[in-house]
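Engineer: build me a model from this:
(2 chains, ligands or ions: 2)
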Amino acid sequence: MRKSLVYLIPFLWLLALFFVPFLIVFKISLSDIALARPPYMPQLDLSEGLAGIRAFLSELDFENFVFLTTDSLYWKAYLSSLRIALIATFLTLLVGYPIAYGMARAPHHWRPTLLMLVILPFWTSFLIRVYAWMGILGQEGYLNQVLLWTGLISEPLSILNTNTAVYIGVVYTYLPFMILPIYAALERLDISLIEAAEDLGCSRTSAFWLVTFPLSRPGVTAGCFLVFIPTIGEFVIPSLLGGSKTLMIGKVLWEEFFSNRDWPVASAVAVVLLLILIVPIIFFQKNQQRQAEADA
Amino acid sequence: MHPARFTFSTRLTFLKGTDLAETKDHQAVFAPWEDPNEAPLIRFRGVTKKFGTFTAIHDVSLDIYRKEFFALLGPSGCGKTTLMRLLAGFETPTEGQIELDGHDIAPVPPNQRAVNMMFQSYALFPHLSVWENIAFGLKREGMAKDKIGDRVTEMLRLTRLEQFGRRKPHQISGGQRQRVALARSLAKAPKLLLLDEPLGALDKKLREETQFELMDIQEKTGTTFVIVTHDQEEAMTVASRVAVMDAGVLKQVATPSQIYENPNSVYVAGFIGDVTILQGRARKDGERYLVDWAEGQPPLVTHSGVEIGPGETCHYAIRPEKVEIHKDRPDDDNVLHGKVIDIGYLGNISTYHVELANGQIIRAQSFNTERSTRQAFTWEDEVWVNWTDRCGILLAG
Ligand SMILES: Nc1ncnc2c1ncn2[C@@H]1O[C@H](COP(=O)(O)OP(=O)(O)O)[C@@H](O)[C@H]1O
Ligand SMILES: [Mg+2]
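Structural biologist: Ligands and ions are numbered 1, 2, ... in the order given. You can find the predicted model right below:
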């Protein structure tokens, strides 16, 4: 009896903090915009009893979802978000894998320190760190100053307010999420497997591609999902570092809510975003499950 | 005249049957280390390996010959694995050199040595099937696809794994995994196969079976095997020669029977088998030595291969199975009187701990050839123990 109560806790958590808010958002996405407070209708009036509920339900429709398909802005934003998230995830992998590899091969007594250093940036506010990148990447930013000073370039580079800046921001922000699972996979890897591969005729490089990399794949997959999923809906990084041409669904969502005050459409955008995210989330779950089974 | 497949039981009947003489002959003939014209496959020349200031291998010189089944025996941490890793190429000697087939192997990286290693942990690739594990080394050689298939099938048959080719390493038992590791390291037909405690993870029965399987495979493939073990019985069972190591030093390199019957030091005598070691002073008496070892006890008499100066201290080792136990005083050499204080009953043999008047305990073993629940001797019995003048081992120092 006690035990089942313990199991209930995560479900209650999910119910209160995910499912109920989702239902509210979903309900708003089925409503119509109104000049009121809150800015949508219908409102549920329980004082009229069953008839009130019926009247309320009859006014809900999928208009807003249909609207999303009529304006190309939305699907373009979704596609662009997916593309940016994919590229950013790949770049994060390129940067993160060697770091994780280096950490896993470092002497034992160094590893806790290295792990600490990877997590250290979380100690300052994410917002401040992204602002700091504005100072670095700007037209008169530190990066341009250094490059101009060394004579590598004669004209300042315009990085800030481009997609490049968004990639830099995403790679920087989400790097620990990539490094940690890959590091965990590599650290568990028995070094004698590499020696066995070399013993059987592999060079260092082929031993890496035939043994090390395949065995770190669960870590790579986990890391990629942990970066990809939040990046799709990312809002802060594209709006601070990206330019007017950077199209991401998080930004669209924000504009619908706060600039247009069109809560129903914004909610519809959010619901579709969630549906899109469910696919990779299910894959991620499958990956974790397989990993757990392989370990058992 | 070898049976096609040579399992533990067939091997036993084989040994018990009429072929026994032939086996013995065969063993007597195979002694390349006694042939001055035979060039060794491996030659260690004054090899020392240091990790920082710690010396793991100290000045080892050793020759290993083709087709030998060579065992490295020693306690944990004495440097056995390090010696293997030097051969495989994962470590380089701090001093000295190692030759394979007459060539210094120092400049040859591990992936180009004609040496394969079966790792202590097996080191099977968990993401590859049994078949792919065995084919791994062949693919790296660039062998043709159909040839790889043939070779893997042959290896699977040799190690009796035909049905398990498609399984992943985690889907088979410990004993099967060990055979996959063996098949994988044999597949490339190396000149030299290194086995690092290959049977350590197996239970006793499976281990004994596998030992005979290993010997059989070694005979069939003609590969030179170097096996690391800390199990002396295993070393004695499988090896043509045994090297006993202690703290990075080779104490003795000889055939199993030489090691057992003629150990060259107290360490080796004590490490291999059960033994009682007494300390005393030796003096020559004609052909034989007399060893005065305790007040009030008669001197022990023995023939000896080693020379010991008059009055020098020495050790005298005697193995329990050489000691006979009697109710009445026998008329022979080396007769001592004492009292049974402990009996170890093992079914086939019993070990008696006999305490002498001076407190020294001598162990005597006798075979329980008759089926009886009553022991010939029991606790507190007054008994005589004795052994012949060829049974004791005299050790200098
Ligand atoms: N890479 C290494 N660095 C430092 N010491 C080592 C290393 N490898 C082995 N040793 C030390 O060398 C000694 C011999 O080790 P090893 O050859 O593995 O022994 P064995 O296989 O006989 O148990 C041990 O004391 C071990 O701690
Ligand atoms: Mg070892």
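
Engineer: wait, what's in contact with B:Trp379?
Structural biologist: Residues near B:Trp379 by CB atoms under 8 Å, 6 or more residues apart in numbering or on different chains: B:340-343. Where C-beta positions appear, they are placed from N, C-alpha and C, glycine not excepted.

Engineer: separate out the buried members of those residues.
Structural biologist: The neighbour count (16 or more other CB atoms under 10 Å in any protein chain shown) marks B:Val340 as buried among those.

Engineer: for the contacts of B:Trp379, work out which two are farthest apart.
Structural biologist: Of all pairs drawn from the contacts of B:Trp379, the widest gap by CB to CB lies between B:Ile341 and B:Ile343 and measures 8.8 Å.

Engineer: between the two, what contacts are shared?
Structural biologist: Here B:Ile341 and B:Ile343 share the contacting residues B:353, B:379, scored by CB under 8 Å, 6+ apart.

Engineer: now for the helix or strand hosting B:Met215, which elements pack on it?
Structural biologist: Counting by DSSP states H and E, the element that carries B:Met215 is helix B:204-221. Packing contacts for helix B:204-221, counted by 3 or more CB pairs under 8 Å, 6 or more residues apart in numbering or on different chains; DSSP states H and E, involve helix B:8-16, helix B:145-158, helix B:174-187, strand B:224-229, helix B:232-238.

Engineer: to ligand 1, which of the ones you listed lies closest?
Structural biologist: strand B:224-229 (6.4 Å; CB to the nearest ligand atom).

Engineer: if you count contacts, what does that closest one end up packed against?
Structural biologist: Here strand B:224-229 is seen to pack against strand B:69-73, helix B:80-88, strand B:192-196, helix B:204-221, helix B:232-238 when contacts are counted using 3+ CB pairs under 8 Å, 6+ apart.

Engineer: most packed of the ones you listed?
Structural biologist: Highest mean neighbour count of the helices and strands packed on strand B:224-229: strand B:69-73, a mean of 27 (counted as mean count of other CB atoms under 10 Å in any protein chain shown).

Engineer: state the mean pLDDT of that strand.
Structural biologist: Strand B:69-73 shows a mean pLDDT of 93.

Engineer: and if you look at stretch B:271-288?
Structural biologist: Computed over stretch B:271-288, the mean pLDDT rounds to 85.

Engineer: same question, stretch A:111-126
Structural biologist: Here stretch A:111-126 scores 92 as its mean pLDDT.

Engineer: over to stretch B:158-169?
Structural biologist: The predicted model gives stretch B:158-169 an average pLDDT of 90.

Engineer: now the strands for chain A?
Structural biologist: Here chain A has its strands, by DSSP state E, at A:32-33, A:40-41.

Engineer: which one of those lies nearest to ligand 1?
Structural biologist: Once those are compared by CB to the nearest ligand atom, strand A:40-41 is nearest, at 68.8 Å.

Engineer: residue numbers of chain B in contact with chain A?
Structural biologist: By CB under 8 Å from any CB of the partner chain, the residues of chain B that approach chain A are B:88, B:90, B:109-112, B:115-117, B:119-121, B:123-127, B:136-137, B:140-141, B:170, B:184-185, B:188.

Engineer: can you give me the helices in the stretch 151-296 of chain A?
Structural biologist: A:163-188, A:191-199, A:204-207, A:213-232, A:236-241, A:249-254, A:263-295 (DSSP state H, counting those that start in this stretch).

Engineer: would CSV of those with mean neighbour count be doable?
Structural biologist: Shown next, in CSV, are these (neighbours: other CB atoms under 10 Å in any protein chain shown):
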stretch, mean neighbour count
helix A:163-188, 22
helix A:191-199, 22
helix A:204-207, 14
helix A:213-232, 21
helix A:236-241, 21
helix A:249-254, 22
helix A:263-295, 16
